[in-house]
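Colleague: Sequence first, then the predicted structure, then my questions.
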Amino acid sequence: MADRTVYNPMRKVAIFGGTHGNELSGVVLVNHWLKHGEEIARPDIDVRPFITNPEAVEKCTRYIDTDLNRVFDPENLRKENKLNLSYEVKRAQYINSVFGPKGSDEAYDVILDLHNTTAHMGATLILENSRDDFTIQLFNYIKKCMAPLTCSVLLNEHPQLKYATTRSIAKHPVGVEVGPQPQSIIRADVLDKMRMVVKYALDFLKDFNEGKEFPPCNLEVYKVLENVAYPRKENGDIAAVIHKNLQDQDWKELNPGEPIFSTLDGKTITYEGECAVHPTFVNEAAYYEKNQAFTITQKILLTAQSVRCINSK
Ligand SMILES: CC(=O)N[C@@H](CC(=O)O)C(=O)O
Ligand SMILES: [Zn+2]
């Protein structure tokens with residue numbers, strides 16, 4: 001007999017934009033929905049659009065003092081002595097008080113956190129927990145609705161590389177990452193894809209709350225294995241750039257021996273891993289300061305039990 005997971009209805013849903021103030025699709029969509037909420041309204045769901053880092057949005061920069069999307073860990077959320085805290089840690093504590101507290105029953109059910117990447121990733125959903133059947137079912141639904149457009153799923157639950165995201169205060173965190181889009185500009189194609197993802201996510205939640213059962217499913221995901229750093233000179237300067245054969249090839253197979261960097265003196269550096277991988281976040285602008293040239297992932301299949309809602313009316 002197939003197992004089924006039951007949940008309470010998902011009534012508290014937030015859509016976050018401006019977690020990074022220079023990723024403008026989420027900023028303009030959330031600002032639009034704050035004035036015109038009809039598009040995101042669904043029966044019996046409180047859907048709340050919210051700008052998470054207003055100072056960074058104002059200055060059109062990723063962050064003011066520190067990356068907001070890294071500070072939702074218990075230690076930062078607990079810190080006292082408000083005078084010495086960075087703007088983003090104070091903001092994280094406030095966001096956690098409104099939409100969390102993280103890990104509690106009162107926390108929001110679902111948070112869609114809207115991001116852009118300069119990498120050629122297309123529409124991407126970011127999953128934080130491979131055992132969260134509800135979110136796997138949600139992603140499977142969105143992916144099917146997006147077809148023939150691709151919608152890839154990135155799974156980040158790497159013990160060292162996972163970070164404490166803004167969305168992680170929700171019971172079911174959903175990262176939405178759409179590219180390629182340069183920082184501080186808006187591309188219509190990217191905006192449309194993000195808008196479609198949000199629409200399908202909300203449609204799923206409506207169907208789910210109305211009692212629709214979603215049968216068991218398989219979901220193809222790209223699991224984070226490692227971040228690859230830029231080769232640097234002794235003085236810290238970048239010594240090589242992403243090779244032209246790797247540029248814009250996010251999600252494509254990369255085999256051992258294939259080029260990944262070109263050095264400034266004209267040499268090619270090849271991938272020397274053991275087996276084929278799938279790079280992503282290739283040449284992401286925001287990751288130069290984190291010294292990440294790209295992330296390598298492995299394609300795996302997740303399965304989810306059927307899900308349905310308990311007290312649907
Ligand atoms: C380019 C970018 O900002 N990416 C996001 C990914 C995520 O939301 O997990 C970040 O590094 O926070
Ligand atoms: Zn971002």
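Modeller: Happy to help now that I have it. Ligands and ions are numbered 1, 2, ... in the order given.

Colleague: Please list all residues in contact with the residue in the stretch 201-313 of the chain that ligand 2 sits nearest to.
Modeller: When distances are taken as Cβ to the ion, the stretch 201-313 of the chain approaches ligand 2 most closely through residue 286, which lies 6.6 Å from it. Every C-beta, even on glycine, is put in place using the N, C-alpha and C of the backbone. Neighbouring residues of residue 286 by Cβ atoms under 8 Å, 6 or more residues apart in numbering: 20, 62, 118, 183.

Colleague: is it possible to export those residues to JSON lines including neighbour count, pLDDT and secondary structure?
Modeller: Compiled in JSON lines, the contacts of residue 286 are given as follows (neighbours: other Cβ atoms under 10 Å; pLDDT from 0 to 100; DSSP: H, G, I helix; E, B strand; the rest coil):
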{"residue": "20", "neighbour count": "27", "pLDDT": "99", "secondary structure": "coil"}
{"residue": "62", "neighbour count": "20", "pLDDT": "98", "secondary structure": "coil"}
{"residue": "118", "neighbour count": "18", "pLDDT": "98", "secondary structure": "coil"}
{"residue": "183", "neighbour count": "18", "pLDDT": "98", "secondary structure": "coil"}
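
Colleague: Please list which of those residues are also close to ligand 2.
Modeller: Filtering the contacts of residue 286 for neighbours of ligand 2 using Cβ under 5 Å from the ion leaves residue 20.

Colleague: Could you point out the member of the contacts of residue 286 that lies closest to ligand 1?
Modeller: Among the contacts of residue 286, residue 20 lies closest to ligand 1 (Cβ to the nearest ligand atom), at 5.0 Å.

Colleague: Might one say that that closest one is in contact with residue 59?
Modeller: No: contact criterion Cβ atoms under 8 Å: residue 20 and residue 59 do not qualify, at 11.7 Å.

Colleague: re the thing from before, from ligand 1, how far out is the residue of the stretch 201-313 of the chain closest to ligand 2?
Modeller: Remark: distance between residue 286 and ligand 1 (Cβ to the nearest ligand atom, to the nearest Å) = 5 Å.

Colleague: in what helix or strand does the residue nearest the centre of the chain lie?
Modeller: Among the residues of the chain, the smallest C-alpha distance to the mean C-alpha position (Cα atoms, centre = their mean) belongs to residue 175, namely 2.7 Å. Element membership for residue 175, per DSSP states H and E: strand 172-179.

Colleague: Now the helix or strand that that strand is followed by: buried residues?
Modeller: Scanning the chain past strand 172-179 towards its C-terminal end, the next helix or strand to appear is helix 188-209 (assignment: DSSP H and E). If you call a residue buried by 16 or more other Cβ atoms under 10 Å, then helix 188-209 has these buried ones: 190-191, 193-198, 200-202, 204-206, 208-209.
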